[in-house]
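1. Based on what follows, work out the 3D shape:
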Amino acid sequence: MSDPIVELGTFPTPMEPAPRLARAIGLGTDDLWVKRDDLTGLGGGGNKIRKLEWTVGAALAEEADTLVTTGAPQSNHARLTAAAAARSGLDAVLVLRGSPGASRSGNLALDGLFGARLAWAGDVDQAGLDAAAAEVCERLRKGGARPALIPFGGSSTLGARGYVRCGEELRAQVPDLRTAVVALGSGGTAAGLVASLGSEAVLGVDVGALAEPAAAVVRFAAPLTAEALAPERLRVRRDQVGAGYAALTGPVREALRLAARTEGLVLDPTYTGRALAGLVAAVRDGDVRPGERTVFVHTGGLPGLFGHAEAVAYAEDGAAVYEG
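-> From the prediction side, this is the model:
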């Protein structure tokens with residue numbers, strides 16, 4: 001019996017050429033394409049929808065009435081879990097790091113619009129966040145609810161199946177694909193692509209969400225592929241984390257501006273901005289070369305831009321005053 005899946009997104013997502021961006025970073029005009037997984041539809045779009053089709057499908061099969069998940073305050077996954085819950089007629093409780101009041105914009109605004117309840121876990125590490133989510137689930141059960149815990153970032157072997165399907169779309173749209181470049185956060189997106197495309201075809205750019213992201217990719221991908229995987233054999237760049245997950249680095253600032261001014265493409269400061277900065281560095285280092293077909297997987301995250309005060313200020317400051 002196949003695993004249950006619920007249709008939440010609009011697929012296949014478009015594949016668009018990016019000739020001006022390609023030339024700007026040192027690739028040939030026809031070398032670079034963008035997989036628009038920011039246009040997946042539900043809740044503002046983004047890569048998490050592909051995973052949620054599987055994880056929410058499993059929750060519905062178990063007759064859950066509440067989705068519980070974890071994340072940072074500006075979590076794209078939390079926002080889309082709330083949207084998926086609304087679409088499916090379920091409640092949502094989002095267990096977030098930190099305390100209320102730091103921001104009322106970006107993904108948090110959409111969390112509220114979708115009707116999610118927020119549980120603030122304080123200044124905790126991932127283990128503490130997981131423990132807080134387990135406690136929330138227990139309280140919900142005692143109150144008569146039937147919660148389903150969706151993993152951090154939607155990442156698990158089950159969730160990664162959504163990106164196995166994305167890899168199949170990529171091969172159909174770009175048969176001569178050499179490298180798919182993608183942000184590497186909780187690991188599920190990269191895992192599905194590795195399982196579908198092979199480890200040599202996927203370049204993951206670490207965003208600083210996990211201490212050992214490559215190990216997470218192997219853990220989620222291994223049951224989905226016959227390829228012998230090991231963390232050290234994956235193509236992973238760890239040079240774009242900077243001061244940490246929430247930091248806006250110099251290379252990311254430049255990546256945000258470059259994508260916007262060459263292709264009208266909007267990136268976010270945490271995931272896709274780092275992924276493009278990693279691609280720029282990979283071209284400079286010779287890991288990605290002119291004449292080879294490269295796909296930048298745009299995983300979405302636009303609301304996170306508006307929830308990042310430093311990135312918003314940087315973007316606004318880029319507008320020159322017209323003096324006639």
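
2. Please, where are all the strands along the stretch 201-324 of the chain?
-> Secondary structure of the stretch 201-324 of the chain (DSSP state E, counting those that start in this stretch): strands at 202-206, 235-237, 293-298.

3. Report all helices and strands that the longest one contacts.
-> The contact analysis (3 or more C-beta pairs under 8 Å, 6 or more residues apart in numbering; DSSP states H and E) places strand 293-298 against strand 32-36, strand 177-184, helix 272-285. Placement of C-beta: from N, CA and C, glycine included.

4. What average pLDDT does it get?
-> Along strand 293-298, the predicted confidence averages to a pLDDT of 98.

5. same thing with stretch 230-244?
-> Mean pLDDT, computed over stretch 230-244, is 97.

6. From the chain's centroid, how far away is it?
-> Here the centre of stretch 230-244 is set off from its chain's centre by 16 Å, with C-alpha atoms, centre = their mean, to the nearest Å.

7. likewise stretch 264-279?
-> Computed by C-alpha atoms, centre = their mean, the chain-centroid distance of stretch 264-279 equals 11 Å.

8. swap in stretch 255-275?
-> For stretch 255-275 - counting by C-alpha atoms, centre = their mean - the centre lies 14 Å from the chain centre.

9. And stretch 32-44, by the same measure?
-> So, by C-alpha atoms, centre = their mean, the centroid of stretch 32-44 is 11 Å from its chain's centroid.

10. Can you mark which positions in it are buried?
-> If you call a residue buried by 16 or more other C-beta atoms under 10 Å, then stretch 32-44 has these buried ones: 32-40, 42-44.

11. so which of the residues you listed comes closest to Ala109?
-> Within the set of the buried residues of stretch 32-44, Gly44 lies nearest Ala109; the separation is 10.5 Å, counting by C-beta to C-beta.

12. State the distance from the closest one to Ala92.
-> In this structure, Gly44 and Ala92 are 15 Å apart, going by C-beta to C-beta, to the nearest Å.

13. can you check Glu316 too?
-> Glu316 is 32 Å from Ala92, where distance means C-beta to C-beta.

14. neighbour count winner among the two?
-> Ala92 (25 against 8; other C-beta atoms under 10 Å).

15. so what's the spatially closest residue to that one that is not a sequence neighbour up against?
-> Using C-beta to C-beta, 6 or more residues apart in numbering and skipping the chain neighbours, the partner closest in space to Ala92 is Ala85 (3.7 Å). Each residue near Ala85 by C-beta atoms under 8 Å, 6 or more residues apart in numbering is listed here: 56, 66-67, 91-92, 114-116.

16. Repeat that for Pro12.
-> Taking C-beta under 8 Å, 6+ apart, we find Pro12 in contact with 169, 172-173.

17. Considering those residues, which possesses the most neighbours?
-> Scoring the contacts of Pro12 on neighbours with other C-beta under 10 Å, the highest-scoring entry is Glu169 at 18 neighbours.

18. which residues does that residue contact?
-> Neighbour list for Glu169: 11-13, 35 [criterion: C-beta under 8 Å, 6+ apart].

19. again, only this time at 6 Å
-> Glu169 is in contact with Pro12, counting by C-beta atoms under 6 Å, 6 or more residues apart in numbering.

20. one step back: looking at the strands of the stretch 201-324 of the chain, which is closest to Ala226?
-> With respect to Ala226, and counting by C-beta to C-beta, the nearest of the strands of the stretch 201-324 of the chain is strand 202-206 at 16.1 Å.

21. quick revisit: where does the residue nearest to Ala92 sit: helix, strand or coil?
-> With DSSP: H, G, I helix; E, B strand; the rest coil as the basis, the three-state label of Ala85 is helix.
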